[in-house]
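Novice: give me a model of this one.
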Amino acid sequence: MKLEEAKKQRIVRNALLSLLLYALPIVLMFATFYFTGQRPWEKKKQEPKTSQPAAKDKSVNP
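Specialist: Below you'll find the model as predicted:
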């Protein structure tokens, strides 16, 4: 069964539009990183703070 030319063109157009809509957020994200200079993947990890043992409350004795 051969597709009509109009249907074939519509399928191709819809496929290209779908790819554009899929890629648009990714392209916008990288464009934002480029123009703002942000590099979130280069941020240094914060070292966890060493927690001090809690001081025992002297008023509560078992």
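Novice: from here on, contacts and neighbour counts on C-alpha atoms
Specialist: OK.
Novice: so where's this structure shaky on pLDDT?
Specialist: Along the chain, segments meeting pLDDT under 70 span 1, 52-62.
Novice: swap the cut-off to 80 and go again
Specialist: 1-3, 43-62 (pLDDT under 80).
Novice: would you list every one of the helices in it?
Specialist: In the chain, the helices defined using DSSP state H lie at 5-36.
Novice: now Ala6: how far from Arg13?
Specialist: 10 Å (CA to CA, to the nearest Å).
Novice: nope, Lys49 is what I meant
Specialist: Look at Lys49 and Arg13: by CA to CA, they are 55 Å apart.
Novice: neighbour-wise, which of those two wins?
Specialist: Each of Lys49 and Arg13 has its neighbours counted (other CA atoms under 10 Å); Arg13 has more, 11 against 6.
Novice: what's the spacing between the more buried one and Leu28?
Specialist: According to CA to CA, Arg13 and Leu28 sit 22 Å apart.
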